[in-house]
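Enquirer: give me a model of this one.
(chains A and B)
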Amino acid sequence: MPGLGASFGRGAATNYQQDLANSDCILIMGSNMAEAHPVGFRFPLQAKEKGAKLVHVDPRFSRTSALCDLHVPIRAGTDIAFLGGVINYVLTEEKWFKEYVLDYTNAATIIEEGFLDTEDLDGLFSGFQPDRAQYSPSEGHWGYEERGSHQQDRDQGQSRDEARVSEQGPGQEAEPSASPSDESHVQASEIDTSHVREVSEKLDSRGVHGPGLMGGASTHETERGSAVEAPAGEPLQDRTLKHPRCVMQILRRHFSRYTPAMVSEVCGCSEADFLRVAEWLCENSGREKTSAIVYAVGWTQHTTGVQNIRAASILQLLLGNIGRPGGGIMAMRGHTSIQGSTDIPTLYDLLPGYLPQPIVGEDRGGLDDYVRFEGLPTGYWTHTKKFMVSLLKAYYGDAAQPENDFHYDWLPHLDGDYSQLPFFDRMARGEVDGYILFGQNPAGGGPNAGLHRAGLRNLDWLVVHDWFEIESAVFWKDDPTGPPPSEIKTEVFFMPAASIPEKEGTFTNTQRLLQWHDKSVDPPGDCRSDAWYVYQLGKRLKKLYEGSADPKDQPLLNLTWDYDQEWPHPLPDGQPSRIEGEPDIARILQEINGRNLAEVDPATGQPKLVGGFEELREDGSTACGCWIYSGCYPEPNLNRPRQRVRTANPLQPEWGFAWPNNRRVMYNRASADPAGRPWSERKKLISWDEDQQRWVGLDVPDFEPDKPPEYRPSLDCTGMDAIAGNQPFIMKPDGRGWLYAPGKPKDGPLPVHYEPVESPVENALYPHQTIDPTTRFFEGPLNSLAHTPTREFPIVACTFRVTEHYLSGPMSRFNSWLNELMPAMFVELSPELAGEKGIVHGEWATIISARGEIEARALVTRRIRPLNLKGRILHQIGLPFHWGFAGESVGGIANDLTSLVADPNVSMHEAKVFACQIRSGRSRYPAGQPTKNYTPWPQRNPTPDTPPASQPEGHLR
Amino acid sequence: MSASKPSAKTSTRQPQPFSPQSLAKGSRLQGASLTHSVCPYCAVGCGLNIYSKRGEVIDVEGNPESPINEGTLCPKGANVFQLVHNPHRVKTVMYRAPYSDHWETKSLDWALDRIAERIKSAREKGFAAEDADGNRLNAVRNIGTLGGAVLDNEENYLIKKLFGAGLGVVSIENQARI
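Expert: Okay, here's the model as predicted:
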């Protein structure tokens, strides 16, 4: 969720799901919430019962649409055109929330001279380097106008506020002082960032540091860009918003061509429908009301995915809906703990807590260079060194000492893009030796799954940790499109995994909420938790390397790896656990929470647990495995994710633990006006209490608790002192929400509608720039593309989820109850298209893309409508992506049709829109037979300790 | 790890008009251990009540106390029971030799020893201390791991710690990019 990070500072859902019930209008777009997140959809429905308007903008009419007040069908891949239209409406109709926008966003900030918008350059921003297909933000002058003379301001004793440009007179052009003694320049020359800039550009050319995706890795990525490109701290502003280079004016101009007529032409919806959505959002935003936006992977899985979310962020900032009850942007994540796995990342470019993985060459001076490069002088990232040192202490223990730079040098450095897509591209070319899967199924779920299977066939060895024989475990024998086993060299180890009730630990859900799950029973047979496998593998590897003096082996040998627990420990029913060697999960969570190494807790004899990230230090006296989770385990007997206490507080602060620091609504300082009073009684959350001199309210303030609203920093302030009392976005160096994102995203400071990489339609908005110019390609025989505008593949396809299946099927197509509910792969198409192609409902149809073809049962339905694009009829089809060749229910793999392309920010592919053709009849590669027999009821013994009369129905052995 | 009895939770309800036959039958949950879990499917985070008897899961229900799901579950959440009791579950280590057309059953120790050896030899081959320009790299680029979005935070922590900070593997990835 780099879009959110770039806009607000943290790449995660801003509010909590239950808060949707407090909304006055909810726009659901890029999400089929009723079917993909059915239980979460309770809250929009509760809002509707209270009178809220619900809108669904989506290519398909789904159960979500059926329950909304309005469904607007649009062409897949035109979300920015639609949202850009709403932004244009808000600006031209002057519906934006003036006080909020003026103080809490960078609307008044002045951008460098030399920045040129897509309006000036026919669909490109300034700084584009055609030979490298990327932008140079510094050459494009994307940054904030640098403050003329800080020294002078300070000498005159002016505060930042007083030094604002607007004091010079309304609309007056800001004249930078002639004095070149810019503070940030001085600082820059002191630390000599020239090589950093050079390295950064070098790496950009290799595509390094696609920030971690959905989790918001780019939070930091974005800010680092700005740290290099734009001066930190209080920028020059024109509070009259008339300066031609102020963000508000740039915004107005940029979105001026997104008129209702243009929206209708590009998206294929009616002007009236579009205007109704825009009006509803505006009517239901302001002091008394708030609107929320809900999205899911329907927005992210595009080459313009980050900018889709940026567009929503701009809209919500203009309407004043961020940081407030019933407002915000709710990112509905697709996996149970995908938020957690980006917070504590299993991602190549991130370390825990969104600390970037070191980049080769950026840190010739070691840790301090890293901190200078990655940290920020103002805002919360000023603490970067504390977080990094504490992480190194957690990793390397006593070996990490101040005199050896805490062995920062041991961390692997990046010299390229090692994200999934490029890595499989290399794997398919035979450049990778070994691979380990932990509950992921690239053979069916990877974009261009055929290429992913070719990758697996080219490995020396593969380890699969899973419950069932999924596609990625049996690709060598059951792939109907693959070669015979005698031609596949890969050595495969299948390690049977424990299921959820058979292990304990924490998940982080879509609202940043950590919830602990208890272990109920032992796993059967040789099934083990992933924690067990990794822990035991680590022990074996340490033994294999024992005694080595090779410097490369020292990180492993010094890695703290001591999570043994007493065995046998009892299970909940009192029985002793059979599983020997399971690591102590609570101890791992305590390591993540952090400890004060200088202080021993008398109760445990161990170093004392820290109460939160404020206690972390940069001198090596604290160890912390993930700073943003700090505070989740503050005392030996207080596992806050395990707390399940309901209270009268509707935010339910004692149910689990939400990062950061149990704040449920992020940026909630914005729920009060600049003076600290609630915007309205109805939308009250936290406010400034004059008597207590503190921020008080239902939520934990996402702000320094005793910083008064009228606090204004002087210009030489650093760290959190540089954030004023009316600046709610504390992760940002200027404390404001970013309508305009100065350093990154890599594809521009503002969203632009580009066509998908594969589209049958030209770009009507920018005729000379069809697709995102910074898209990365991996073209080859296994990954052909039908470039826009394609005539060969005139139909637009999108993939989607059904309620009854999950992802590529590993957790659902081996389950008879779910297979019974949703038995076969199908394709949704309109009666008009079916008639044109002679396809009959319920019969076979074959779908063809530039990568391959699959077959599916035709589901002919009026839920999917042909679109009228200025007289041209365009057909769309929908494909669930849940099927594969392994399990009880098998069928065509939708991902065999999708392609491997990558957006420039996060290496995200474009499965939510691609070009295809459809015909009636079966494919040349018909789906094979199920690999497992349908078993309607799990065979099992009678329930123990239960009289026969109380036994459940069903087949008993 | 605590185990509370389910009866306490249900006692606040109004008396139900049970027939004598129903009363004689009783609930099979009587005497079961109750543990609290979280649904492993989507990211909504529904609370689960897991009932077990003598080391066996006998029932999975939505947790009525959870502010998120208040006892409700979708079809997938209701199916968690089948993730535990499932005839297709693999319960032993299986091994496929290069170019072979079948699985062989192996022991945990056998497999872990071999995997550790494979990792070590690939790492010996692939470890790079510096790049071509002499910059510090300390990276292993011929091994990778994939997955983590359906794992616990603690498991992700161990993976990144062992493979990244310990072994120097850089391509550690999960479902966030798909």
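
Enquirer: all contacts plus neighbour counts: C-alpha atoms, from now on.
Expert: Will do.

Enquirer: next up, phi/psi of residue A:66, please.
Expert: phi -60, psi -30 (degrees, to the nearest 10).

Enquirer: let me know the pLDDT of it.
Expert: On the pLDDT scale, residue A:66 is placed at 98.

Enquirer: ok, now how distant is it from residue A:269?
Expert: In this view, residue A:66 and residue A:269 are 17 Å apart by C-alpha to C-alpha, to the nearest Å.

Enquirer: report how many residues lie close to residue A:550.
Expert: Burial measure for residue A:550: 8 neighbouring residues, criterion other C-alpha atoms under 10 Å in any protein chain shown.

Enquirer: cool, and residue A:50?
Expert: 13.

Enquirer: give me the pLDDT value at it.
Expert: Value for residue A:50, per-residue pLDDT: 97.

Enquirer: same check, this time on the one 3 residues further on
Expert: At residue A:53, the model reports a pLDDT of 98.

Enquirer: and the nearest residue to residue A:361 once chain neighbours are set aside, how many neighbours?
Expert: Spatial nearest neighbour of residue A:361, chain neighbours left out: residue B:135 (5.5 Å); criterion: C-alpha to C-alpha, 6 or more residues apart in numbering or on different chains. A count of nearby residues for residue B:135, using other C-alpha under 10 Å, gives 17.

Enquirer: do residue A:762 as well
Expert: Quick note: residue A:762 (other C-alpha under 10 Å) scores 19 neighbours.

Enquirer: that one against residue A:790, yeah?
Expert: No. Using C-alpha atoms under 8 Å, residue A:762 makes no contact with residue A:790, being 9.2 Å away.

Enquirer: and residue 37, how many residues sit next to it?
Expert: Answering for chain A, as no chain was given. 24.

Enquirer: oops, chain B please
Expert: 30.

Enquirer: surely it meets residue B:48?
Expert: Yes. Contact criterion C-alpha under 8 Å: residue B:37 and residue B:48 qualify, at 4.8 Å.

Enquirer: now residue A:914. Its backbone dihedrals?
Expert: Dihedral pair for residue A:914: phi -150, psi 170, per degrees, to the nearest 10.

Enquirer: so who does it touch?
Expert: A:756, A:757, A:758, A:759, A:796, A:797, A:798, A:898 (C-alpha atoms under 8 Å, 6 or more residues apart in numbering or on different chains).

Enquirer: tell me the one among the residues you listed nearest to residue B:65.
Expert: residue A:798 (37.6 Å; C-alpha to C-alpha).

Enquirer: does any part of the helix or strand containing that closest one sit near chain B?
Expert: Residue A:798 belongs to strand A:795-800 when assigned by DSSP states H and E. No. Strand A:795-800 does not reach chain B (C-alpha under 8 Å from any C-alpha of the partner chain); its nearest approach is 12.2 Å.

Enquirer: what residues of the next helix or strand after that strand count as buried?
Expert: For strand A:795-800, the following helix or strand on the C-terminal side (DSSP H and E) is helix A:816-821. Within helix A:816-821, the residues that count as buried by 16 or more other C-alpha atoms under 10 Å in any protein chain shown are A:816, A:817, A:818, A:819.

Enquirer: show me the contacts for the second one.
Expert: Read it as residue A:817. Here residue A:817 is in contact with A:936, A:937, B:79 (criterion: C-alpha under 8 Å, 6+ apart).

Enquirer: quick one: neighbours of the first one, just the number.
Expert: Taking other C-alpha under 10 Å as the criterion, the count of residues near residue A:936 is 13.

Enquirer: any idea of the pLDDT on the nearest residue to it once chain neighbours are set aside?
Expert: Excluding its sequence neighbours, the residue lying closest to residue A:936 (C-alpha to C-alpha, 6+ apart) is residue A:816, at 5.4 Å. Among the per-residue scores, residue A:816 shows a pLDDT of 95.

Enquirer: residue A:816 and residue B:41: what is the separation?
Expert: In terms of C-alpha to C-alpha, residue A:816 sits 16 Å off from residue B:41.

Enquirer: so what would you say the end-to-end distance of stretch A:605-622 is?
Expert: 16 Å.

Enquirer: meant to ask about stretch A:776-796, not that
Expert: 21 Å.

Enquirer: report the buried residues of that stretch.
Expert: A:776-778, A:782-783, A:785-790, A:793-796.

Enquirer: and which of the contacts of residue A:817 is nearest to residue A:864?
Expert: residue B:79 (29.6 Å).

Enquirer: dihedrals phi and psi, that closest one?
Expert: phi -90, psi 0.

Enquirer: that one and chain A, how far apart?
Expert: Applying C-alpha to the nearest C-alpha, to the nearest Å, the value for residue B:79 to chain A is 7 Å.

Enquirer: in contact with that residue, which residues?
Expert: Residue B:79 touches A:815, A:817, A:818, counting by C-alpha under 8 Å, 6+ apart.

Enquirer: then residue A:308?
Expert: A:3, A:79, A:80, A:299, A:300, A:751.

Enquirer: let me see the mean pLDDT of the host helix or strand of residue A:313.
Expert: Per DSSP H and E, residue A:313 falls inside helix A:305-318. Per-residue pLDDT values over helix A:305-318 give a mean of 97.

Enquirer: so what pLDDT did residue A:943 get?
Expert: 85.

Enquirer: could you identify the longest helix within chain B?
Expert: Determined from DSSP state H, the single longest helix within chain B is helix B:108-126.

Enquirer: picking that back up, my guess is the residue nearest to residue A:936 contacts residue A:935, does it?
Expert: Yes. If you go by C-alpha under 8 Å, residue A:816 and residue A:935 touch, sitting 6.0 Å apart.

Enquirer: wait, isn't residue A:397 in contact with residue A:560?
Expert: Yes. With contacts counted by C-alpha under 8 Å, residue A:397 reaches residue A:560, the gap being 5.9 Å.

Enquirer: can you give the domain ranges for chain B?
Expert: B:7-84, B:93-177 (automatic domain parsing).

Enquirer: return the most buried member of the ones you listed.
Expert: domain B:93-177 (a mean of 21; mean count of other C-alpha atoms under 10 Å in any protein chain shown).

Enquirer: any idea how far apart the tips of it sit?
Expert: Span of domain B:93-177 from end to end, C-alpha to C-alpha: 29 Å.

Enquirer: please apply the same query to stretch A:351-361.
Expert: Stretch A:351-361: ends 18 Å apart by C-alpha to C-alpha.

Enquirer: wait, what's in contact with residue A:867?
Expert: By C-alpha under 8 Å, 6+ apart, the neighbours of residue A:867 are A:74, A:75, A:268, A:269, A:873, A:874, A:875.

Enquirer: can you rerun that using 6 Å?
Expert: Contacts for residue A:867 (C-alpha atoms under 6 Å, 6 or more residues apart in numbering or on different chains) come out as A:268, A:873, A:874.

Enquirer: go on, residue B:50?
Expert: Residue B:50 touches B:34, B:35, B:60, counting by C-alpha under 6 Å, 6+ apart.

Enquirer: was I right to think residue A:485 contacts residue A:474?
Expert: No. Contact criterion C-alpha atoms under 6 Å: residue A:485 and residue A:474 do not qualify, at 10.0 Å.

Enquirer: excluding chain neighbours, what is closest to residue A:727?
Expert: residue A:735 (4.8 Å).

Enquirer: er, residue A:78 I mean
Expert: residue A:267 (5.6 Å).
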